[in-house]
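Engineer: give me a 3D structure for the following:
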Amino acid sequence: MVVNNSRICLRILPAILCLCLIPHLALPAPAADLASAGQLYRAGKFADAEAAYEQVLKATPDLVAAQVGMIRSMLKQQKIDDALQKVNAAVAANPNSAALLGTKGEVLFRLGEMADAERAYLQAIKIDPKEVHSRLGLAHLYSSYSLYGRAYGELQLAHEIAPDDIDVQRAWLRMLPRKERLAALEAYLASPHPDDAEDTKHLEESLQFLKATVDAPIHRCRLVSKVDQTTTKLESMYRDAQHLRGIGLTVSLNGHNNRLLLDTGAGGIIVSRKVAEKSDLKRISTVHYGGVGDKGLQEGYTAVADKIRVGELEFEDCVVQVSEQKSVADEDGLIGADVFGSYLVDLDLPDMKLKLSPLPKRPDDVTAPKSLNSEGESQSTAEQDEKPAADAGADKKADATKRPVPRDRYIAPEMANWTKVFRFGHMLLVPTNVNESKAMLFGLDTGAFANLLSMRAGKQVSRLSAEDALHVRGVSGQVAKVYRSGSVTLQFGHMLQPGQNMVSFDLAGISGHLGTEVSGFLGFSMLQVLDVKLDYRDGLVDFSCGPPYCTKGR
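Structural biologist: Predicted coordinates:
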């Protein structure tokens, strides 16, 4: 073996020497500068990469690869308007460039212009079927549509076209079985990669979780009770004696009851250290989490609850997150509605009831899933390689050891008039008109008391004024600069809600994290008069309400 390695080295060495000694084999100056800019991008040095691409364009103004690199570097820095201006000018000058059209799709996706982004991607692929970033862009887009089968197909194509592309590598990690993912993630983090410090920390913590659990059975959070649906009461939660905060849900962890804030804007279950110690949760690995607030990431850890009970439903072997703080946003903890993503979730807020029932069966389903997504987003990246319970006719003839292929949303006949929303992990984004604006994307958030408007959207639809007396606090601490808009009218689903006052602050961090523009949040003060039904599997939401609280929209 040693001798063979030596022979390989001897065959390669002369070629290396030739590249070093023969000047005419060196890369020409523009190509060398372009490669250098690409290395800066790959290493996550986006400001330096933008400057390097700009230098290349001074020498060769029409070089498409440099235009694409500069625009994508701008996007990574959240310079959205500059990126839009540059890409529009570039496409106008070169309308048949697949690479530029694909990049335009990326910019439009970041702006939340989903239909226009899809058109740009498809136009790029029509010109060049191997335009890899358009394939990858469609994978992200179709995933947000809950078209998971189509998304998987596009990602497979992107991986076949360019398996070494750094963005493709990052997306492909989620598709790998645990042991393969562990090795691939380790290699990814050991090389230059275009992730900021926060994303890198999350990836490193995912790696530590995999190392701690890769040889153990997956924590599936299985249903063990004999019933498959339940109705349980919701409780009012207050900031103080006079001010309502939101809705609480009693959740039993290892036999200890806790009242957690039911938060459609959060993912998974996260509890305070005090609750974890009382419930004897078993620690797995360190994790950091974040949300609204200016204090950045908060420290915590993942842990296992032997049993979780909600109403009449009991589950076993569930992973949850624990905060090292004494409270989570001033509460014992939060439970995201996405935890119940295997169920049809009915939040009857006027009657303060939560109903969980089986989702409509797809035409080829044998049985409905019976588990909790107690980890939130992270659960989908740590468990997909082991044998699941078969539930699809299409999978009956397949090898039982293979992972099922993701499937597109299913719209049952009784849900034909429900609102299609965009799903990004735990977040459901509802197309919403503010006054006479075009549709913007608003998060559905029972954990936010007030309706929220981003600074970017607020400047477009209303006049903002500083609100020094108003304090906004989330899981990442207090928000420093808060504003208030004038009265606006909101239209979403079939609802028209006039006279809404909006709290406004900078949501750029949340938008950047999700990868698309979040223009605001629909908060509890308005949602409390609605019956909200959620189908996380298919990306569908239904709002119902009667007078005097609601007016039917267009």
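Engineer: in what helix or strand does I270 lie?
Structural biologist: Using DSSP states H and E, I270 maps to strand 269-271.
Engineer: strand partners (parallel or antiparallel) of that strand?
Structural biologist: Here strand 269-271 has these sheet partners by DSSP bridges: strand 313-323 (parallel), strand 333-336 (antiparallel).
Engineer: by contact count, what packs against the next helix-or-strand element following it?
Structural biologist: As assigned by DSSP H and E, the chain's next helix or strand after strand 269-271 is helix 273-279. When contacts are defined as 3 or more CB pairs under 8 Å, 6 or more residues apart in numbering; DSSP states H and E, helix 273-279 packs onto strand 256-263, strand 313-323. In this view, the C-beta of every residue, glycine as well, is placed from N, C-alpha and C.
Engineer: setting aside sequence neighbours, what's the nearest residue to I269?
Structural biologist: Sequence neighbours aside, V320 is the residue nearest to I269 in space, at 4.2 Å (criterion: CB to CB, 6 or more residues apart in numbering).
Engineer: my read is that that neighbour contacts L372, right?
Structural biologist: No. Between V320 and L372 there is no contact under CB atoms under 8 Å: 9.8 Å.
Engineer: identify the contacts common to the two.
Structural biologist: Here V320 and L372 have I308 as joint contacts, going by CB atoms under 8 Å, 6 or more residues apart in numbering.
Engineer: for stretch 280-287, buried residues please.
Structural biologist: L281, I284, S285, T286, V287 (16 or more other CB atoms under 10 Å).
Engineer: quick one: contacts of that stretch?
Structural biologist: So stretch 280-287 is contacted by 205, 208-209, 211-213, 253-254, 271, 299-305, 319-322 (CB under 8 Å, 6+ apart).
Engineer: which residues does the residue nearest to I269 form beta bridges with?
Structural biologist: With DSSP bridges as the criterion, V320 is bridged to A303.
Engineer: now the element after the least confident helix or strand in the chain by mean pLDDT, going C-ward?
Structural biologist: Using mean pLDDT, DSSP states H and E, the weakest-scoring helix or strand in the chain turns out to be helix 2-21, at a mean of 33. Downstream of helix 2-21, the first helix or strand assigned by DSSP H and E is helix 29-42.
Engineer: show me what that following helix is packed against.
Structural biologist: By 3+ CB pairs under 8 Å, 6+ apart, helix 29-42 packs against helix 46-59, helix 64-76.
Engineer: list the buried ones in that helix?
Structural biologist: Here helix 29-42 shows P30, D33, L34, S36, A37, G38, L40, Y41, R42 as buried, counting by 16+ other CB under 10 Å.
Engineer: keeping just the C-alphas, turn the strand or helix carrying W172 into PDB.
Structural biologist: Using DSSP H and E, W172 maps to helix 166-172. What follows is helix 166-172, C-alpha atoms only, in PDB (Å, rounded to 0.1, in the frame of the first residue of the first chain):
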ATOM      1  CA  ILE A 166     -20.500  24.500  -2.000                       C
ATOM      2  CA  ASP A 167     -24.200  25.500  -1.900                       C
ATOM      3  CA  VAL A 168     -25.300  22.200  -3.300                       C
ATOM      4  CA  GLN A 169     -23.100  20.400  -0.700                       C
ATOM      5  CA  ARG A 170     -24.800  22.300   2.100                       C
ATOM      6  CA  ALA A 171     -28.300  21.500   0.800                       C
ATOM      7  CA  TRP A 172     -27.400  17.800   0.100                       C
END
